[in-house]
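# please work out how this folds:
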Amino acid sequence: MLFQIAWRNIWRNKARSLVVISSIIIGVWAGIFIMSFAWGLYKNNIDESVYRQLSHIQIHHPTFGEENDSKFTITNTDKIVKQLQSDNRIASVSSRVISTGMITSPTTAGGVTIYGINPASEIIQIRLNEYVREGAYFDSGKQNEILIGEKLAKKLKVKFKSKVVLTFTNVNSEIVSGAFRISGIYRSKNISLDEVNVYVQQKHLQELLELKSSESNEIAILVKDEEQLDTIKKFSVGVVPKGKIEDWKALSPELSMIIESFNLYTYIISGIILLALTFGIINTMLMSVLERIRELGMLMAIGLNKRKIFLMIMLETIYLTVIGSPIGLLVGWLTVELLGKTGINISMFSEGLASYGFSSMIYPELEQEKYLIIVTMCLITAVLSAIYPAYKALQLNPSEAIRKI
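Next up is the predicted model:
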């Protein structure tokens, strides 16, 4: 009977009840949308870093990461690459020669990281060719081609087909220089890296560094299924037993931290939204109690105890939440599904986003368990919000409440 009374009570003032239900719907939807947008933003950054820069796994000489010196190489690279490519769990493999040095133009100079790459391999590995905005991607066949970032080109005040000089030390610690002609200017989604990363033909850089053709500083692996990452790492240890094998989480701890801390962000974002919702529910339910003082006094006078009065008001709030939460959940899910396919274009902020490696097209995405967390938090919020109005009802004196106008 108490359940029926509570259900009828919420529809006695339909406008007020619909306001509360609408608030709950908007609260749940907002929580889902904000979290899906945030995760879409972070996931885009992670995917860009993994698929366009780091790859899933990198193999180096154990000392290379500490010294950052080109003389610390992996030998028999061609054999290793072929052996890794034979595993059908691996999508692509590429080897790179890496050196740090100076790039000089007729007007200025700057520090850069020089990547000696196999152009054909990197088309599959990081799709570097897709970033070229001016010129072409190593299509002339000349050894002295260089691909530089748009931001670096502006800094050096050079353009397509301009000549630049790279200066660095070879494996014998001798300073060497090489003249290169800009064959292409690229722009990635991380312009901070565009300013420091340049790409040249691997064979030519090996000659300048006095490395053998079978030597390289880095082997990058892209896997087909990330769930098999640990298995492939163990397989790589067998292929390169003396190499230092790291996955993208170890190579870029800040990306790993994003994933680990996202659960905390879930509770913080939801908490802020639900806090605002709490005040709305408290205000509405308190108005409902104060408008029904005489009625509540009558119920107490005829024998309805305080525990049942308290439960009745709690049930009213729970009913409103149970109605609003599924609708908000459905609207939020539909929004994520729709925008997950079409994307959200925030190109007006593209310059600032690119400085931190974020894309201007965001595809919202959210795991199923996060939906459950939001709805659970909403139910808890509703119950807690009803406690104060219910407590106020218990403070009523039946004899005084009945005489209330």
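
# any idea how far Leu251 is from Ile59?
To Leu251, Ile59 is 11 Å away according to CB to CB, to the nearest Å. All C-beta atoms are positioned from the backbone trio N, CA, C, and that covers glycine.

# quick one: the helices in the stretch 251-400 of the chain, in order.
In the stretch 251-400 of the chain, the helices defined using DSSP state H, counting those that start in this stretch lie at 253-291, 293-301, 306-342, 350-355, 368-394, 398-402.

# looking at those, which is nearest to Asp194?
helix 350-355 (8.5 Å; CB to CB).

# avg pLDDT for the closest one?
Average pLDDT, helix 350-355: 62.

# what's the distance between the closest residue to Phe310 other than its chain neighbours and Glu134?
Nearest residue to Phe310, sequence neighbours excluded (CB to CB, 6 or more residues apart in numbering): Ala390, at 4.7 Å. Distance, Ala390 to Glu134, by CB to CB: 69 Å.

# and the two? which has more neighbours close in?
Legend: neighbour count by other CB atoms under 10 Å for Ala390 and Glu134, higher for Ala390 (22 against 15).

# so for stretch 315-328, what gets flagged as buried?
By neighbour count, with 16 or more other CB atoms under 10 Å as the criterion, the buried positions of stretch 315-328 are 315-321, 323-325, 328.

# which of those lies closest to Ala120?
Closest approach to Ala120 among the buried residues of stretch 315-328 (CB to CB): Gly328, at 50.7 Å.

# for that closest one, what are its contacts?
Going by CB atoms under 8 Å, 6 or more residues apart in numbering, Gly328 touches 24-29, 32, 378.

# which SSE is the one residue sitting closest to the centre of the chain in?
Per CA atoms, centre = their mean, the C-alpha nearest to the average position across the chain is that of Tyr42, at 1.3 Å. Assessed by DSSP states H and E, Tyr42 sits inside helix 14-49.

# helix or strand next in line after that helix, which one?
Per DSSP H and E, the helix or strand that comes after helix 14-49 is strand 57-60.

# tell me which residues of the next helix or strand after that next one come out buried.
Next helix or strand after strand 57-60 toward the C-terminus (DSSP H and E): helix 64-67. Across helix 64-67, burial judged by 16+ other CB under 10 Å covers Phe64.

# who does the strand ranked longest in the chain pair up with?
Using DSSP state E to define each element, the chain has its longest strand at strand 90-104. The strands that strand 90-104 pairs with in its sheet are strand 109-117 (antiparallel), strand 163-169 (antiparallel), strand 218-223 (antiparallel) (by DSSP bridges).

# buried deepest among these, which one?
Of the strands paired with strand 90-104, the one with the most neighbours on average (mean count of other CB atoms under 10 Å) is strand 218-223, at a mean of 22.

# distance from it to the middle of the chain?
Taking the mean of its C-alpha atoms, strand 218-223 sits 22 Å from the chain's own mean (CA atoms, centre = their mean, to the nearest Å).

# for it, list the C-alpha coordinates in PDB.
The C-alpha trace of strand 218-223 is given here as PDB (Å, rounded to 0.1, in the frame of the first residue of the first chain):
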ATOM      1  CA  GLU A 218      65.500   0.700 -33.400                       C
ATOM      2  CA  ILE A 219      63.100  -2.000 -34.500                       C
ATOM      3  CA  ALA A 220      59.400  -1.000 -34.300                       C
ATOM      4  CA  ILE A 221      56.600  -3.500 -34.200                       C
ATOM      5  CA  LEU A 222      52.900  -3.000 -34.800                       C
ATOM      6  CA  VAL A 223      50.600  -5.800 -33.700                       C
END
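
# relative to strand 218-223, how tilted is the next helix or strand after that strand?
Using DSSP H and E, the helix or strand that follows strand 218-223 in sequence is helix 229-239. Angle, helix 229-239 to strand 218-223, by axes from the mean of the first three to the mean of the last three CA atoms, to 10 degrees: 140 degrees.

# which other residues reach helix 229-239?
By CB under 8 Å, 6+ apart, helix 229-239 touches 56-57, 59, 80, 83-84, 87, 89-90, 221, 223, 243, 245, 247.

# my guess is Gly271 meets Cys378, correct?
No: counting by CB atoms under 8 Å, Gly271 does not reach Cys378; the two are 11.2 Å apart.

# who's more crowded, those two?
Cys378 (23 against 13).

# so what's that one up against?
Cys378 is in contact with 24, 27-28, 31, 274, 277, 321, 325, 328, counting by CB under 8 Å, 6+ apart.
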